[in-house]
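> A structural model of the following input is requested.
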Amino acid sequence: MAKLKSLRGAVGTYGRVTAGGIVDVDETMAEKLVKTGRFVRASEADIEAAQAAQQATLATAIPGLGAGFVPLPGGAAGGADPERIAMAELEAKAQAEAEAKGKAAAAKSEKAAK
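Residues are numbered from 1 along each chain as shown. Got it, this is the predicted structure:
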């Protein structure tokens, strides 16, 4: 397997890679990618730099600040809006409390009917 350094962002059978990222491909694919001019053979320093950049991105506490793909809290469906997340949590809690009160009232009336 050959390690190549991407000169710019790319997507292919090797996955998604950002500029300066490292891909690990077989020799046949490596030759093809190097011929495109978008990749070069990765040196040890390139590999270490890419690993350091990845660790720095993963250590970033602010969503979206790091380079490359950084998942946002709340997922794609919920978004990253903290107010929206808090409101959804409050609504779920209120609904659960209302259901519990309804069940308790039903049990109390059933018991009183006996």
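> need the strands for this structure, in chain order.
Here the chain has its strands, by DSSP state E, at 2-6, 10-12, 15-17, 22-25, 39-41.
> Throw the ones you listed into TSV and include mean pLDDT, distance to residue 55 and mean neighbour count, thanks.
Heads up, the C-betas are built off the backbone N, CA and C, glycines and all. As requested, these are exported to TSV (pLDDT from 0 to 100; distance: least, Cβ to Cβ, whole Å; neighbours: other Cβ atoms under 10 Å):
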stretch	mean pLDDT	distance to residue 55	mean neighbour count
strand 2-6	92	17	20
strand 10-12	89	22	13
strand 15-17	87	17	15
strand 22-25	91	13	18
strand 39-41	94	22	17
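> Of all the ones you listed, which one is nearest residue 87?
If you check each of the strands of the chain against residue 87 by Cβ to Cβ, strand 15-17 wins as the nearest, at 33.3 Å.
> What strands line up against the closest one, and which way round?
strand 10-12 (antiparallel) (DSSP bridges).
> Not counting its own residues, what contacts the partner strand?
Here strand 10-12 makes contact (Cβ atoms under 8 Å, 6 or more residues apart in numbering) with 16, 17, 38, 39.
> shouldn't the third one be in contact with residue 6?
This means residue 38. Yes - contact criterion Cβ atoms under 8 Å: residue 38 and residue 6 qualify, at 6.6 Å.
> Run a quick neighbour tally on residue 14.
17 (other Cβ atoms under 10 Å).
> ignore the last one, residue 29
By other Cβ under 10 Å, 18 other residues sit near residue 29.
> Residue 90 now?
The number of residues packed around residue 90, counting by other Cβ under 10 Å, is 10.
> which stretches of the chain have low pLDDT?
Scanning the chain for pLDDT under 70 picks out 60-82, 114.
> The nearest residue to residue 14 once chain neighbours are set aside and residue 34: what is the separation?
Nearest residue to residue 14, sequence neighbours excluded (Cβ to Cβ, 6 or more residues apart in numbering): residue 23, at 4.4 Å. From residue 23 over to residue 34 the distance is 11 Å, taken as Cβ to Cβ, to the nearest Å.
> Likewise for residue 87?
Residue 87 sits at a distance of 52 Å from residue 34 (criterion: Cβ to Cβ).
> Fine by me, thanks again.
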